[in-house]
Each structure stands twice: as structure tokens, then as C-alpha cells.
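S.K.: Got a predicted model here, sequence first, then my questions.
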Amino acid sequence: MRIILNGQQAFGKSVLEALLDRGEDVVGVYSAPDAGSRPDPLKEFAEEKALPLFQPPSYKDPEVWDQMKALEPDLCVMAFVTLFVPEEALYLPTHGTIQYHPSLLPLHRGPSSINWPIIMGKTKTGLSIFWPDNGLDEGPILMQKECEIGPDDTLGTIYFKNLYPMGVEAMVESVDLVREGKAPKVDQDHSKKTYESWCKAADAEVDWSKPVQDVHNLIRGTDPAPGAWTMLGGAKLGLFDSTMADGPSRAPGEVTQISEDGITIAAEGGQVRLARVRGEGGAKVPGAEFAAENDLAEGAVLGG
């Protein structure tokens, strides 16, 4: 099949690499417009392989549709795409378009679908390969794969150890199913849909008066991005590598222990230990190192 790869960043590059390694005929690569000083890994890889590269600022432009049509594609593979792609472009390839989404649709539609299941304390998540349409993550399902969320898993561990490698494999498997004419199109049960918007820094402020499990879930569900935080002496303190810790009930936000294992802080009904923290404008450092350099002692109260 003649394949268009539409994506960005490391995941897009990995999917393209996997397709090329198995000899797929990739006739064009669509990547995100340039932003900032760091080049997109997918763009760099496409240029390295001398593949036709396109970076339209919008997919709503009929000239972009004509450009895609001229490639005579059989299938478009969307691997991490943040720009909206309308049906006029999605349906151009002979077999349409398939897309990766890191949740078990119809659950957790939206742009931060890895963060929110962890924040909500769920023990399972997964990925979906689906046939996109003009709805937001609403198209029929081609394939789904599940993974467990462990008690100390973070956004980073779930993505890089599970959803990233599983996603690359699932995209390749899905291409094979399309080629063989065996790719399912199972309608989503829209009555079970959930949607969450971007998980932003404002969502990641820790309320130490909340149950300790909720605090732990928030910290790990935003680790490494956007990063949970609290206030210390009028400045933000970033919180990372959280684990639950034993200890008696103390005032919410109170620092109960500083050790080589990190800084232990009380919440409602328990305590969490942060192995690493980040002062405002600084780098992530071990909790004990930060405490020593900033005169943070047991009995201090964070937040507020």
C-alpha cells in the first residue's frame, strides 16, 4: 500500500521507522509546523530518509487536500497529531485513515488522556487505534490494547514503558489488517464516553487537605508533565517521584521527615514521600539535597 504518515515528535518517528523497517511504501510524511529552536524528530528522520515532507499549518485548506490526493495514498497513518484533520482529508486515501489514541475509547477522549486515568486512581488504561472522523476521538475502533496502572506508576512510566511501545506495535499490526481487508470498524458506545481537557499546571496544584491517595495520584499523574506543585515561602516547589509513606496523622502539608529517601509530607489520612523536588527556576534534585540547601526542616508547612 501507498502510505502517508502524519505525526510528530518521537512517537511519530518511531512509527515511521517501524513502517520503513518492514518495507512499507511511505509516499509522504506530514509533520507539525516548525516551533521553537528544537527540530521535530519526525521531520529530521523524514529528511534523512529523503521522503517527501509536508508541514501545513492547517488541514482545512483545499490546497492541502489536493496535495495529499496527488500522492495517490491507500492509507493514512496518524501517529500523534494535534492539529484537527477534517474528513475531506481523512477520507482521501483508498482505505481512509487510522489514528492512535492513548486511552481505551470511548473513555478519556481529549488531549491529556494518559494523565487523567492516573489522577483518577484507575488501575487500568490502554490504547486505541481507530478510524477518525470529524468528531473528537469518536470514530469506530480498529484495535485496543490494555495495560495495568501500578500503585506508583507515573505519566512517564505508563507512556514510555507501555503505551509508547505498544502503540508502535499496534499501528503496524493495524496496517497489516487494513492491507488484508480484515480491519474491524466497531462503533464506540457513546453512552460511556468521558472527556477531559488539557491537564495544565493549574490542575496540578496539590491540596494537602485532600485524602492522601488523591494527593499521591495527582502527583504521579502529572509526573513529569505538567508537574505537581505546592507553595514554599512564596515560591513554587515541584513534586516528583511520589510514594505512599507510613506515619501518624499530622497537619495537612506538614513536613514530617527529611531523609535520604526524600521529603515526607502529610495529607489527610496519611503521608507521601517525594524522592525529588524542583525549586522555582531550578532543576530536579533529591529531596534531602533541596532541604539542606534551602533550610527546609521538619515541621515546616507547605501550601497556601
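M.R.: Sure thing, it's come through.
S.K.: Please, where are all the strands along the stretch 51-200 of the chain?
M.R.: Using DSSP state E, counting those that start in this stretch, the strands found in the stretch 51-200 of the chain span residues 53-54, 75-79, 97-101, 124-130, 141-148.
S.K.: so can I have TSV of the ones you listed showing mean neighbour count and distance to residue 228?
M.R.: C-beta coordinates here come from the backbone N, C-alpha and C atoms, glycine included. Listed next are the strands of the stretch 51-200 of the chain as TSV, based on neighbours: other C-beta atoms under 10 Å; distance: least, C-beta to C-beta, whole Å:
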stretch	mean neighbour count	distance to residue 228
strand 53-54	16	38
strand 75-79	24	28
strand 97-101	25	24
strand 124-130	23	19
strand 141-148	16	22
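S.K.: Adding distance to residue 184 and mean pLDDT as columns, could you present those in TSV?
M.R.: Output for the strands of the stretch 51-200 of the chain, formatted as TSV (distance: least, C-beta to C-beta, whole Å; pLDDT from 0 to 100):
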stretch	distance to residue 184	mean pLDDT
strand 53-54	30	98
strand 75-79	15	98
strand 97-101	11	98
strand 124-130	10	98
strand 141-148	6	98
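S.K.: Compute the first-to-last residue distance for stretch 215-229.
M.R.: This stretch, stretch 215-229, spans 11 Å end to end (C-alpha to C-alpha, to the nearest Å).
S.K.: What lies in contact with it?
M.R.: For stretch 215-229, the surrounding residues in contact (C-beta atoms under 8 Å, 6 or more residues apart in numbering) are 115-121, 152-156, 199-201, 203-208, 236-244, 267, 272, 274, 278.
S.K.: Just the buried subset of the residues you listed, please.
M.R.: With burial judged by 16 or more other C-beta atoms under 10 Å, the buried subset of the contacts of stretch 215-229 is 115-119, 153-155, 199, 203-204, 206, 208, 236-244, 267, 272, 274, 278.
S.K.: From those residues, which land in helices?
M.R.: Among the buried ones among the contacts of stretch 215-229, the ones falling in helices (DSSP state H) are 115, 116, 117, 118, 119, 155.
S.K.: May I have stretch 64-84 exported as CSV, CA atoms only?
M.R.: C-alpha atoms of stretch 64-84 as CSV (Å, rounded to 0.1, in the frame of the first residue of the first chain):
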residue,chain,number,x,y,z
VAL,A,64,-3.6,20.6,1.2
TRP,A,65,-6.3,18.1,0.2
ASP,A,66,-5.2,18.3,-3.4
GLN,A,67,-1.6,17.9,-2.4
MET,A,68,-2.4,14.7,-0.4
LYS,A,69,-4.6,13.4,-3.3
ALA,A,70,-1.7,13.8,-5.7
LEU,A,71,0.3,11.3,-3.6
GLU,A,72,-2.3,8.6,-4.5
PRO,A,73,-2.4,7.2,-1.0
ASP,A,74,-4.0,3.9,0.0
LEU,A,75,-3.9,4.6,3.8
CYS,A,76,-3.0,7.5,6.1
VAL,A,77,-1.5,6.5,9.5
MET,A,78,-1.8,9.2,12.1
ALA,A,79,0.7,8.9,14.9
PHE,A,80,0.3,11.7,17.5
VAL,A,81,-1.4,14.5,15.6
THR,A,82,-2.6,17.7,17.5
LEU,A,83,-3.9,19.7,14.5
PHE,A,84,-7.5,18.9,13.5
